[in-house]
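**Student:** Return atomic coordinates for the entry below.
(chains A and B)
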Amino acid sequence: MNKFLAILYDSYKEAVSTWVLQVMLGLSVILMLFVASISFRMVTLEQTIGNAFGTVNWLSRSSPQTGGAQWMAENVVASNPAEPWNSDYTFDVVVKCDSPEKLKQAQDSGMPTTREAIRAMLKESLYYLDKMKVEEVKPPEGAKPSELRFHVTTTGTKTPDRMAWPHEPTVLFAIDLPFFTQSLRDGLYTLEKKLVNDAGAWATLLVSVVITAGFIPNMLRKGTLDLYVSKPLSRPALLIYKYIGGLTFVAILTTVTVGGVWLVVGLRNGIWAPQFLAVIPLLTFYFAILYAVSTFVAVFTRSSLVAILVTVVAWTIFFAYGYLHDQVKKVTREQEKAKEQLSKFRKGGDDDDLPPEFRKVGEVAEWAKWIDAIGRPVVPRTYDLDDRGIQLIADGLLTDAEKKRRGLDEPLPSWWETLGMSTGFIAVLLGLSCWRFSTRDG
Amino acid sequence: MPVVSTNELRKNYGQIEALKGVSVTVEPGQIYGLLGQNGAGKSTLVKILLGIVRPTDGEAYLLGATAGTPDVRRRVGYLPEDHQFPGYHTANSLLDFYGRLYGLGRDDRRKKADEALAIVGLAKRKDYRIRTYSKGMKQRLGIAQALFHDPEVIFLDEPTDGVDPVGRKEIRDLLVTLKGEGRTIFFNSHLLSEVEMISDRVAIMHQGQIVRQGTVADLTRQANRFTIGLATGQTFPADEIKALGLKVEAEGNFHEVELADGQSIDPVLALLHSKGLSLRHLVEKKQTLEDVFVKMVDSSDASTGEKRAVRVARPVGTARRVEA
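**Tutor:** Residues are numbered from 1 along each chain as shown, chains lettered A, B, ... in the order given. The predicted structure follows:
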């Protein structure tokens, strides 16, 4: 154990000596400060409608053929203003033009001026309101003839708590981003996923691949290797310890970054979703796969540069395979659903009865199926780890409805399959590396 | 029980035969010097003993066990040639790191590291990064790391490489001190004079074979040749000595007399005495280790039909003289 810790500490010193670890930790702190600068303010229904109508109004203003129609909400009344997510709502949607001719022009242009179109627009932007009813009503007396009015009532909401209600983000303590208004959960999910799990993880992994690629070739250098292997330590143990030393680099970075962001999000928003912390071991494990490739190449070539290049190529292949696998899975699933619905509709019968062009809808190319099939037992499950990370973040923040809306309700392969396949891949590469390292001279 | 023992050790690197059946034995407490040109196979032999290189055939034992196992390496110190220590360590942290690999406790590591660094003269620079060290300082550190964990046998590959003359003498003295403590030292060197000065036994290696080994005295003795000098103004009776059946050659003011096997110098001394000549100089002629080394290499090359294009000059060892 003491030897293991010694090699681990030595790897840490090596990483620190390059200053990259410190720079990366500095960037992590900047990321944390940026996250700390983001706040979310709960908005009223009126503001949300205003944001939604803002886009339509801008489009209408910039297209002369729409008659310059403007949409606005009036008489917004909440039954429980203190808890907007526990409220019933009534309000009027008013469509105004300068003249009856222009109103006619707007109606002819296909802009939402009918009850159905208004309802569809509201259902999309106010998806969290329940039991929405829209009735066209007569404009009040004295109103211009170039005006349409719809009375909207909703009963209850689909938001179980404050965090599911729309919030408007403010970044860098001052800059409001009304177009990014979404539920607090959605906002935090986006923040944790995009900033940490996507961009942050990608940058961390790439830098780590580059930095740690030198650890093993450095050890294998003439003059250095002799000093290591003349110590009372077996070669496989030495190599595995060095490998784990490389992993500590990523473990430190992800722990500081993810842990720091989790702390900041918790302190700023009062949401302490522990699932987000699972990104630390997931990312470290993801890197363990890449570093196994790097170690394997380094032992065979003793070159940092070749190790980096091959690892990045392997990473790209894993990503591309994962994308292809997801697409094959998605199309196959849609195809099955379509067939199922079709058979219900046709009440039996054979697919051969269908016209050929109908049968081809959504089919997966043979080559894609072939690559998917042969890659499945070989390629480590980096793409599953990606999905797992996203799902864990979602589990900690989103409601089931929100997850469904984001397509995160699809079942993932079992943990056993994901970790087992990837661990097997690592074991094979490290096994070959240890064999080569033990049987080579010097 | 010998500390080092190899039997018909062979090593091939592809088509190249680096070792061709090397058998050496090193007894406890000896300083064993291994001489040889670059590529002779010296480092390969040491690396096999330490498990760094795997032998193709033959047997190698170290401290009574199969050479190269981790347990044996715990009892061994090693300074490789052209070593490169991680520049991010200080001398202190490097020895601490290696001490942990040797399984030493914290207090033991600290104490032994301080002692070793003091011995090699790096105590004042122990907390400086190694990347700031001169070549000589790195070499001293290399020696410190080879001996700081109290190994029973120490392998040194060119230990004085890059060290100034004063430092070299200090290293030689250190090796003698370590020998005095009962440690066995096995070292490779190009500096024949150093090998000659401190080694108990020497082996000359050439093209993967041990071409000669023995004590320094054995190797450098030039049997049956004496240099004789008389008092000023006296004439050396060369003809009369030749009449005794001996060969005589003038060498400046001296004469060199070569005896046949089994002959003694006593008849020559009796003749000089009977003629009333005053003997002022009588030395049993010796050859330097370099002479022996070059002769061995040349004769080995001649027997294999190889010819060296250029003879690399090496520092000349000091001849030992026996004053009469």
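
**Student:** Surely residue A:167 is within a helix?
**Tutor:** No. Going by DSSP: H, G, I helix; E, B strand; the rest coil, the assignment for residue A:167 is strand, not a helix.

**Student:** Quick check: it touching residue A:43?
**Tutor:** Yes. Under the criterion of Cβ atoms under 8 Å, residue A:167 is in contact with residue A:43, at a separation of 6.6 Å. Where you see a C-beta, it was placed from the backbone N, CA and C, and this is true even at glycine.

**Student:** list residues touching both of those two?
**Tutor:** residue A:181 (Cβ atoms under 8 Å, 6 or more residues apart in numbering or on different chains).

**Student:** Compare those two and say which one has the larger neighbour count.
**Tutor:** Shown here are residue A:167 and residue A:43; by other Cβ atoms under 10 Å in any protein chain shown, residue A:167 has more neighbours (23 against 18).

**Student:** and the stretch 101-250 of chain A, which of its residues are near chain B?
**Tutor:** By Cβ under 8 Å from any Cβ of the partner chain, the residues of the stretch 101-250 of chain A that approach chain B are A:218, A:221-227, A:229-234.

**Student:** Among those, which ones are in helices?
**Tutor:** A:218, A:225, A:226, A:227, A:229 (DSSP state H).

**Student:** my guess is the first one contacts residue A:224, does it?
**Tutor:** Yes. In terms of Cβ under 8 Å, residue A:218 counts as a neighbour of residue A:224; the distance is 6.6 Å.

**Student:** hey, what's in contact with both of those two?
**Tutor:** With Cβ under 8 Å, 6+ apart, residue A:218 and residue A:224 have common neighbours residue B:86.

**Student:** Can you pull the poorly scored residue ranges out of chain A?
**Tutor:** A:344-362, A:442 (pLDDT under 70).

**Student:** before we move on, the earlier item: which one among the ones in helices among the residues of the stretch 101-250 of chain A next to chain B gets closest to chain B?
**Tutor:** residue A:226 (3.9 Å; Cβ to the nearest Cβ).

**Student:** what's near enough to touch the closest one?
**Tutor:** A:442, B:47, B:50, B:52, B:78, B:80, B:83 are the contacts of residue A:226 under Cβ under 8 Å, 6+ apart.

**Student:** Name the secondary structure element that contains the closest residue to residue A:196 other than its chain neighbours.
**Tutor:** Counting by Cβ to Cβ, 6 or more residues apart in numbering or on different chains, residue A:196 lies nearest to residue A:261, which is 5.4 Å off, once chain neighbours are set aside. Per DSSP states H and E: residue A:261 is located in helix A:235-269.

**Student:** what helices or strands is that helix leaning on?
**Tutor:** Helices and strands touching helix A:235-269, by 3 or more Cβ pairs under 8 Å, 6 or more residues apart in numbering or on different chains; DSSP states H and E, are helix A:2-17, helix A:20-36, helix A:184-190, helix A:201-212, helix A:215-219, helix A:225-229, helix A:279-301, helix A:415-439.

**Student:** what residues does the stretch 101-250 of chain B put near chain A?
**Tutor:** Counting by Cβ under 8 Å from any Cβ, the stretch 101-250 of chain B sits next to chain A at B:101, B:102, B:103, B:145.

**Student:** again, 10 Å this time
**Tutor:** B:101-106, B:129, B:131, B:142, B:145-146, B:149, B:155, B:157 (Cβ under 10 Å from any Cβ of the partner chain).

**Student:** ok, so of these, who is nearest chain A?
**Tutor:** residue B:101 (4.3 Å).
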